[in-house]
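In: return atomic coordinates for the entry below.
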Amino acid sequence: MTAAGESRGPGRAEQSAPGPIAALREIGFWLERDRAQTHRVQAYRRAADILAELDDTAADRHRRDRSWQELAGIGPKTAAVIEESYSGAVPRHLAELRAAAKPIGPDGAPLRELLRGDLHTHSNWSDGGSPIAEMMACAAAIGHEYCALTDHSPRLTVAGGLSAERLRRQLDVVAALDAELTPLRILTGIEVDILDDGSLDQDADLLAELDIVVASVHSRLRDDRDTMTRRMVYAVANPNVDVLGHCTGRLVEGGRGTRPESEFDARIVFEACRRYGTAVEINSRPERRDPPARLIRLALEMGCEFSIDTDAHAPGQLDWQGYGCARAVAAEVPPDRIINTRPVDELLEWTRTPAG
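Out: Residues are numbered from 1 along each chain as shown. Now for the predicted structure:
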């Protein structure tokens, strides 16, 4: 873990001089963390992938001849990073990004230090931009003890949602990777759609096998108040559900535009969360900031528990938990009401124990 208030990131604390592949990926991390345009990030991540695919003979030749730009996908900026890395120095662009990085949500820094993991993340198996291995290696590098992989369920076809068959294949991938990344614990999971009638968009038996199930509404967000309330209550009452994700569905900024809150009876929904042991997510994405402050305070007043998650779709976004922590601190949510402050065994005991 970093000291409270210090910027996080791979290589940050020791200001290390990484090899060229790690340097390119770390630049991608800092750009993602700073919400840079996607094409800028992809240039560095693509160059890292190209470099990783070279055999030793080809890499040695390009290094000797300084001919990196002969490779499609490597331009002047990424070539400079590679050259500077091979010289043993921290590439200038990386050093500038490290120096410019400011703590995210500094008011929430003490709480951020208490969080042990993230329970809502995505990979390129659905609509994330990076492989599982890269997401989880980054989670380990920024100090997480555990991280849940929660790609989308099948109905969300626009996001490449996982069928039961694909999810089972993913579980095998996660099991193998979990052994490689010890001591990080990769938690199996899903962000499952809450369907029109409140049922869940995945096989119940498969959901029961997962460590973490985040249930979210992604469709018919303008359903009337009573319909939306019923949908959400049925979902959070499901014994397989652990976290109610971004409950209002609002968007307050960003490239997708803005979207108003869904209408539902928050008292009824949060009472169901309390009664059935489903945590209310404080979603850390800057464009969501969901729930709004008034609903965080209401859920706290009603005795709910919380999970502060990033909903990360890229490695650099894993550091966005500070945004959620600052909002939790502003609402005076105590750490013992936040489930991802708990050690992994205690967390999993909580998810597996029926409410009441």
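
In: CA only for contacts and neighbour counts going forward, please
Out: Fine.

In: please name the residues that touch the residue located most distally from the centre of the chain.
Out: Most distant from the centre of the chain: residue 65, at 39.9 Å, with distances by C-alpha atoms, centre = their mean. Listed by C-alpha atoms under 8 Å, 6 or more residues apart in numbering, the contact set of residue 65 is empty.

In: same question for residue 295.
Out: Residue 295 neighbours (C-alpha under 8 Å, 6+ apart): residue 266.

In: so it versus residue 16, what's the distance?
Out: Distance of residue 295 to residue 16, given as C-alpha to C-alpha, to the nearest Å: 42 Å.

In: buried sites along the helix or strand hosting residue 323?
Out: Assigned by DSSP states H and E, residue 323 belongs to helix 321-330. Judged by neighbour count using 16 or more other C-alpha atoms under 10 Å, the buried positions of helix 321-330 are 321-329.

In: please apply the same query to stretch 251-260.
Out: 251-252.

In: avg pLDDT for stretch 164-174?
Out: Stretch 164-174 carries an average pLDDT of 98.

In: hey, where'd the strands end up in the stretch 1-150 of the chain?
Out: 117-118, 146-149 (DSSP state E, counting those that start in this stretch).

In: ok, and for the next helix or strand after the last one, which residues are buried?
Out: Downstream of strand 146-149, the first helix or strand assigned by DSSP H and E is helix 164-180. Of the residues in helix 164-180, 164, 167, 170-171, 174, 177-178 count as buried by neighbour count, 16+ other C-alpha under 10 Å.

In: cool, and stretch 45-63?
Out: 45-48, 51, 59.

In: alpha carbons only: can I get it in CSV?
Out: Taking C-alpha atoms only, stretch 45-63 is exported to CSV below (Å, rounded to 0.1, in the frame of the first residue of the first chain):
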residue,chain,number,x,y,z
ARG,A,45,-0.8,-0.3,-25.1
ARG,A,46,-0.7,-1.4,-28.8
ALA,A,47,3.1,-0.7,-28.9
ALA,A,48,3.5,-2.8,-25.7
ASP,A,49,1.6,-5.7,-27.3
ILE,A,50,3.7,-5.5,-30.5
LEU,A,51,6.9,-5.5,-28.5
ALA,A,52,5.7,-8.5,-26.4
GLU,A,53,5.2,-10.5,-29.5
LEU,A,54,8.7,-10.1,-30.8
ASP,A,55,11.1,-13.0,-30.4
ASP,A,56,14.5,-12.3,-28.9
THR,A,57,16.3,-12.2,-32.3
ALA,A,58,13.9,-9.6,-33.8
ALA,A,59,14.0,-7.5,-30.6
ASP,A,60,17.8,-7.5,-30.6
ARG,A,61,17.9,-6.5,-34.2
HIS,A,62,15.5,-3.5,-33.8
ARG,A,63,17.4,-2.5,-30.7
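
In: show me the contact partners of that stretch.
Out: Outside stretch 45-63, the residues touching it (C-alpha under 8 Å, 6+ apart) are 20-22, 24-25, 28, 68, 73-74, 78, 83.

In: which among those residues gets closest to residue 259?
Out: Using C-alpha to C-alpha, residue 28 comes nearest to residue 259 of the contacts of stretch 45-63, at 28.6 Å.

In: now for the nearest residue to that closest one once chain neighbours are set aside, how many residues are close by?
Out: Excluding the flanking residues, the one nearest residue 28 by C-alpha to C-alpha, 6 or more residues apart in numbering is residue 41, at 5.1 Å. By other C-alpha atoms under 10 Å, the residues close to residue 41 number 21.

In: so which of the strands of the stretch 1-150 of the chain comes closest to residue 339?
Out: strand 117-118 (9.6 Å).

In: helices or strands up against the closest one?
Out: strand 146-149 (3 or more C-alpha pairs under 8 Å, 6 or more residues apart in numbering; DSSP states H and E).

In: within the sheet, what are the partner strands of the strand it packs on, with directions?
Out: Strands adjacent to strand 146-149 in the sheet, as given by DSSP bridges, are strand 117-118 (parallel), strand 185-193 (parallel).

In: list the buried residues in it.
Out: For strand 146-149, by 16+ other C-alpha under 10 Å, it's 146-149.

In: let me have those in TSV, extended by pLDDT and distance to residue 277.
Out: Shown next, in TSV, are these (pLDDT from 0 to 100; distance: C-alpha to C-alpha, whole Å):
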residue	pLDDT	distance to residue 277
146	98	21
147	98	20
148	98	18
149	98	21
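
In: re earlier: what's the pLDDT at the residue nearest to residue 28?
Out: On the pLDDT scale, residue 41 gets 95.

In: cool, residue 1 as well?
Out: pLDDT, residue 1: 34.

In: what does residue 353 give?
Out: Value for residue 353, per-residue pLDDT: 88.

In: so how far is residue 276 from it?
Out: 10 Å.

In: quick one: the helices in the stretch 251-356 of the chain?
Out: 266-276, 293-301, 321-330, 344-352 (DSSP state H, counting those that start in this stretch).

In: centre of the chain to stretch 144-163, how far?
Out: Here stretch 144-163 is found 11 Å from its chain centre; the criterion is C-alpha atoms, centre = their mean, to the nearest Å.

In: residues in contact with it?
Out: 1, 115-123, 125-127, 132, 136, 139-140, 183-193, 201-202, 211-214, 218, 344.
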